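Student: next one to model:
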Amino acid sequence: MNLSIIIPTLNEVAYLPVTIEKIKRNATLGEPYEIIVADSSSTDGTCEIALKLGVKLVRSNNASPGRAYVLNEAAQSATGDVFLFLDADTLVPQGYDESIERALTNPNVVGGAFEFSLDGQEFGLRIVEFINRIRYRVRQRYYGDQGIFVRSHVFKKVGGYPEIGLLEAAHFCKKLKKEGDLKLIKEGIYTSPRRFLDGGIYKVLAGDIKIWFLDLIGVRVEKYADAYWRDNKLRTKNR
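Tutor: Numbers count the residues shown, from 1 in each chain. Reported below is the predicted structural model:
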């Protein structure tokens, strides 16, 4: 298996080095085949750090909200036979690459994701984990902070991520399910809880649930995309 790991970034200089270090240290099948940082006009030195760490850098000037556009751009330059999309503040578990390879030994499996976990001790974060784990077990729509992986030819067949501002990963999984099975790897992949801690755990969770519900009943949630990403950019800038 040749694994291309694609990491979207926007001012992630504080997190990217640790994320890449974990990618390399926790690989058990040898050095990762390819690591690509897909940057959306960072101003904090993220691109310089990426180059210093020896990974491939794809710069995007796309002003559209969300990550779908930059992920699709980066995937065009990826050459592995399996893609792993990983948030810049998400840490892979030991043997993550072997777990992906094992999942894909089943020819009916086209992709999947890891168990959602937040890297923090607050009780409210356990509630967030619990609700999320119920959600994606019911609908099998995973999010970017779960480390979504996919066979590269299937990614191309479905046209990549749908280019929408919100829930692009969930709707990507919806497309993948039409091509085959999705596998949930029962190992925790740990994401920074900064979005919840900065915005208030229960307030952010309530906003997420609102968007999930509206999407569930068929309401287009695009109108919330600009505000969602503006808030996330502001929190990143203020850290």
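Student: my read: A27 touches Q94, true?
Tutor: No: taking contacts as CB atoms under 8 Å, A27 lies outside contact range of Q94: 9.1 Å. (C-beta placed from N, C-alpha, C; glycine too.)
Student: between these two, which has more neighbouring residues?
Tutor: Per other CB atoms under 10 Å, whichever of A27 and Q94 has more neighbours is A27, with 19 against 13.
Student: tell me the mean pLDDT for stretch 11-21?
Tutor: Average pLDDT, stretch 11-21: 96.
Student: any buried residues in that stretch, and which?
Tutor: Under the neighbour-count criterion of 16 or more other CB atoms under 10 Å, stretch 11-21 has 11-16, 19-20 buried.
Student: now swap in stretch 190-207 and tell me
Tutor: Here stretch 190-207 shows 190-199, 201, 204-205, 207 as buried, counting by 16+ other CB under 10 Å.
Student: where along this protein do the strands fall?
Tutor: 3-9, 34-39, 56-59, 82-85, 90-91, 109-118, 148-151, 181-191 (DSSP state E).
Student: who touches both of A27 and Q94?
Tutor: By CB atoms under 8 Å, 6 or more residues apart in numbering, A27 and Q94 have no common neighbours.
Student: before we move on, back to that, in JSON lines: the buried residues of stretch 11-21, plus distance to S60.
Tutor: Output for these, formatted as JSON lines (distance: CB to CB, whole Å):
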{"residue": "N11", "distance to S60": "14"}
{"residue": "E12", "distance to S60": "14"}
{"residue": "V13", "distance to S60": "17"}
{"residue": "A14", "distance to S60": "21"}
{"residue": "Y15", "distance to S60": "19"}
{"residue": "L16", "distance to S60": "16"}
{"residue": "T19", "distance to S60": "19"}
{"residue": "I20", "distance to S60": "19"}
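Student: and for the nearest residue to K157 once chain neighbours are set aside, the neighbour number?
Tutor: Spatial nearest neighbour of K157, excluding adjacent residues (CB to CB, 6 or more residues apart in numbering): E179 at 6.6 Å. The tally of other residues near E179 (other CB under 10 Å) stands at 17.
Student: got the contact list for E179?
Tutor: With contacts defined as CB under 8 Å, 6+ apart, E179 is in contact with 110, 154, 157-158.
Student: ditto for Y224
Tutor: Shown in contact with Y224 (CB under 8 Å, 6+ apart): 166, 211.
Student: so it versus K175, what's the distance?
Tutor: Using CB to CB, to the nearest Å, we find Y224 at a distance of 21 Å from K175.
Student: how about the helices in this structure?
Tutor: 16-25, 46-52, 68-77, 96-103, 123-139, 152-157, 168-177, 194-199, 201-216, 225-237 (DSSP state H).
Student: between those, which one is closest to L86.
Tutor: In terms of CB to CB, the element of the helices of the chain nearest to L86 is helix 16-25, at 7.1 Å.
Student: can you list contacts of the closest one?
Tutor: Helix 16-25 has contacts (CB under 8 Å, 6+ apart) with 5, 7, 9, 31-32, 35, 37, 46, 49-50, 53, 55, 86, 88-92.
Student: quick one: buried ones out of those residues?
Tutor: Burial by neighbour count, judged by 16+ other CB under 10 Å, picks out 5, 7, 9, 32, 35, 37, 46, 49-50, 53, 55, 86, 88-92 from the contacts of helix 16-25.
Student: what's the spacing between the residue nearest the centre of the chain and T90?
Tutor: By CA atoms, centre = their mean, the chain has its centre lying nearest to G144, at 2.4 Å. Per CB to CB, G144 is found 8 Å from T90.
Student: contacting residues for R67?
Tutor: Contact partners of R67, counting by CB under 8 Å, 6+ apart, are 8, 40, 144, 161, 168.
Student: top of the residues you listed by number of neighbours, please.
Tutor: P8 (25 neighbours).
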